[in-house]
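Chemist: quick one: sequence and predicted model below, then my questions.
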Amino acid sequence: MNRLIAALSCLLLWVLAPAAGAQQRLSVPWVDWPGAYEKDEHGKLTGFYAELARAVAEEAGFELIFVEFASPKAALVAQRTGVTDLLAGPPELPILDTNIASDPVGETAVYLFVPEREGPAPTIEDMRGRRIGVIGETDGADLGHLGGRAGEVVAFTDARDAFGALIMGKIDGVVTAYKMATDLLRQTRLDYRVRTVDPALRSDDLHVMLSPRRAALAPKVNAAIAALSESGKLARLLEHWNIRRPAAVPPVLTVGVTHFPPYQVVRGDGTVTGYGVEALRQLADRAGLRLHFTPISSDDWARGPSGGSYDLLPPLSITESKQEVMDFTIPLQQSPYSIFVRKGEGQGIAGLGDLAGMRVAIAANSWARQHVGPDPPFDMVIAEGGDALLDALLGGQADAGPCAARRSRARPAR
């Protein structure tokens with residue numbers, strides 16, 4: 001067995017050793033962990049840890065090899081013992097005390113998370129004698145005692161297990177890093193069932209961690225971090241991957257509305273209605289939210305909610321590009337899409353593949369635009385919205401157009 005381990009170790013060293021004149025090749029441990037490491041719909045490894053590692057490597061001239069492990073602890077042990085070389089994004093954890101920490105790349109905070117219930121927000125003092133969960137070997141695992149207030153600290157090996165126990169009522173709270181909790185809860189659509197207790201229990205700097213045998217690379221890594229910070233790329237990574245806790249929800253939420261009947265209708269006097277608007281009004285009444293509706297342009301609609309513009313959009317379809325700039329609730333409605341043609345011209349058309357060589361109208365900010373991709377087998381006629389799409393079809397500027405089936409009923413059949 002010892003010979004086998006030695007042989008495997010030699011093989012790993014041979015695989016990871018750079019050829020003469022090649023880029024420095026570094027191994028990076030990874031494990032499925034929402035927000036830190038995850039696969040996108042195309043199978044590419046992404047997440048804050050992965051993208052930060054790539055950004056640093058590109059700036060510093062490194063080549064990366066991502067090595068998958070079965071559990072977070074196994075990945076951390078590999079980094080601690082030098083089996084892997086670089087881990088980008090964690091705080092200085094006790095299990096990584098052998099590693100060299102880079103200059104800070106950002107900051108994270110540890111909070112107590114409790115079940116969402118009606119009534120005033122709980123405080124740390126309310127947790128006296130309660131069962132508090134922590135996730136072993138991660139940021140905040142040493143704070144589960146809540147300064148001596150907790151009655152019992154329950155250790156979990158995975159954040160999924162910890163928050164599952166919280167929602168099922170087996171424990172009363174979970175102490176962990178804000179990003180770890182909120183990424184998991186958003187991915188599982190359970191964020192509405194968990195509340196964050198203020199203030200933060202602790203704030204920690206985030207770093208790029210280097211194994212001891214790669215200590216000589218620290219100056220290169222720090223120079224890369226400085227360059228990423230100066231260019232603004234580091235700030236964009238921190239914002240995109242939910243590292244910073246967003247500002248508190250304002251007392252009145254602004255809803256952006258663009259004219260897109262029958263879902264959103266902006267009347268001549270500036271008032272708004274439509275299925276999406278009225279559905280959102282009813283949901284807000286049930287949730288106790290105060291809303292202010294304001295007309296916006298299609299460009300503002302495409303950019304999505306942001307600070308200083310608006311906070312919400314009425315129900316709309318989910319696309320990959322929209323998910324880059326906004327978050328979505330659980331589904332409210334399913335809208336089937338159909339291919340529309342002029343009456344009597346639909347023979348032989350059963351799918352998008354049958355539209356090759358035709359002029360096809362596509363709404364600019366629609367699910368259909370996302371679905372057909374950048375290089376479809378037909379000539380795209382970009383329409384500013386659903387009305388423009390149907391106008392192009394009925395006016396002869398397009399031969400076909402994929403559109404939400406329910407929406408088309410607002411127009412006469414021709």
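Modeler: Received the coordinates, thanks.

Chemist: use CA for all of it now, contacts and neighbours both
Modeler: Fine.

Chemist: domain assignment for the protein?
Modeler: Segmentation of the chain into domains, based on automatic domain parsing, reads 2-105+208-240, 106-206, 252-323, 337-408.

Chemist: give me the mean pLDDT for the first one.
Modeler: Confidence for domain 2-105+208-240, expressed as mean pLDDT, is 87.

Chemist: mind putting the domains of the chain into TSV with mean neighbour count and distance to residue 330?
Modeler: Converted to TSV, the domains of the chain look like this (neighbours: other C-alpha atoms under 10 Å; distance: least, C-alpha to C-alpha, whole Å):
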stretch	mean neighbour count	distance to residue 330
domain 2-105+208-240	17	18
domain 106-206	18	7
domain 252-323	16	11
domain 337-408	17	17
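
Chemist: need the longest strand for this protein.
Modeler: strand 194-206 (DSSP state E).

Chemist: mind checking how far that one is from the chain centre?
Modeler: 19 Å (C-alpha atoms, centre = their mean, to the nearest Å).

Chemist: picking that back up, can you check which of the domains of the chain gets nearest to residue 329?
Modeler: domain 106-206 (7.6 Å; C-alpha to C-alpha).

Chemist: from residue 399, how far out is the residue sitting furthest away from the middle of the chain?
Modeler: No residue in the chain has its C-alpha farther from the mean C-alpha position than residue 344, which lies at 44.8 Å (C-alpha atoms, centre = their mean). Residue 344 sits 12 Å away from residue 399, taking C-alpha to C-alpha, to the nearest Å as the criterion.

Chemist: what does residue 313 give?
Modeler: 31 Å.

Chemist: circling back to that earlier point, can you list contacts of the longest strand of the chain?
Modeler: Outside strand 194-206, the residues within contact range by C-alpha atoms under 8 Å, 6 or more residues apart in numbering are 89-92, 104-116, 121-124, 140, 143, 167.

Chemist: mind listing the strands for the stretch 251-400 of the chain?
Modeler: With DSSP state E, counting those that start in this stretch, the ranges of strands along the stretch 251-400 of the chain come out as 252-257, 265-266, 272-273, 290-295, 337-340, 359-363, 379-383.

Chemist: adding mean pLDDT and distance to residue 331, write those out as CSV.
Modeler: Formatted as CSV, those follow (pLDDT from 0 to 100; distance: least, C-alpha to C-alpha, whole Å):
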stretch, mean pLDDT, distance to residue 331
strand 252-257, 93, 18
strand 265-266, 90, 21
strand 272-273, 94, 20
strand 290-295, 94, 20
strand 337-340, 84, 16
strand 359-363, 88, 22
strand 379-383, 88, 26
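
Chemist: need those in a markdown table (columns: distance to residue 76).
Modeler: Listed next are these as a markdown table, based on distance: least, C-alpha to C-alpha, whole Å:
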| stretch | distance to residue 76 |
| --- | --- |
| strand 252-257 | 42 |
| strand 265-266 | 53 |
| strand 272-273 | 53 |
| strand 290-295 | 45 |
| strand 337-340 | 46 |
| strand 359-363 | 47 |
| strand 379-383 | 49 |
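
Chemist: C-terminal to the longest strand of the chain, what's the next element?
Modeler: strand 208-210 (DSSP states H and E).

Chemist: and that next one, which strands flank it?
Modeler: strand 86-88 (antiparallel), strand 100-101 (antiparallel) (DSSP bridges).

Chemist: CSV please, covering these and showing distance to residue 271.
Modeler: Shown next, in CSV, are the strands paired with strand 208-210 (distance: least, C-alpha to C-alpha, whole Å):
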stretch, distance to residue 271
strand 86-88, 49
strand 100-101, 55
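
Chemist: quick check: which of the ones you listed is nearest to residue 268?
Modeler: Closest to residue 268 of those, according to C-alpha to C-alpha: strand 86-88, at 53.0 Å.

Chemist: need the residues that contact the closest one.
Modeler: 26-29, 49-50, 52-53, 79, 207-211.

Chemist: change it to 10 Å
Modeler: 26-30, 36, 48-56, 64-66, 75-76, 79-80, 96, 99-102, 105, 206-212, 214 (C-alpha atoms under 10 Å, 6 or more residues apart in numbering).

Chemist: from the residues you listed, which land in strands?
Modeler: If you go by DSSP E, those have 26-30, 64-66, 100-101, 206, 208-210 in strands.

Chemist: among these, which one sits closest to residue 173?
Modeler: Among those, residue 206 lies closest to residue 173 (C-alpha to C-alpha), at 24.4 Å.

Chemist: run through the bridge partners of that closest one.
Modeler: Beta-bridge partners for residue 206, by DSSP bridges, are residue 106.

Chemist: how near is it to residue 233?
Modeler: When residue 206 is compared with residue 233 (using C-alpha to C-alpha), they lie 16 Å apart.

Chemist: quick one: the helices in the stretch 51-200 of the chain?
Modeler: 72-81, 159-167, 178-187 (DSSP state H, counting those that start in this stretch).

Chemist: so what does the second one touch, helix or strand wise?
Modeler: Meaning helix 159-167. Judged by 3 or more C-alpha pairs under 10 Å, 6 or more residues apart in numbering; DSSP states H and E, helix 159-167 is in contact with strand 106-115, strand 131-135, strand 152-156, strand 173-177, helix 178-187, strand 194-206.
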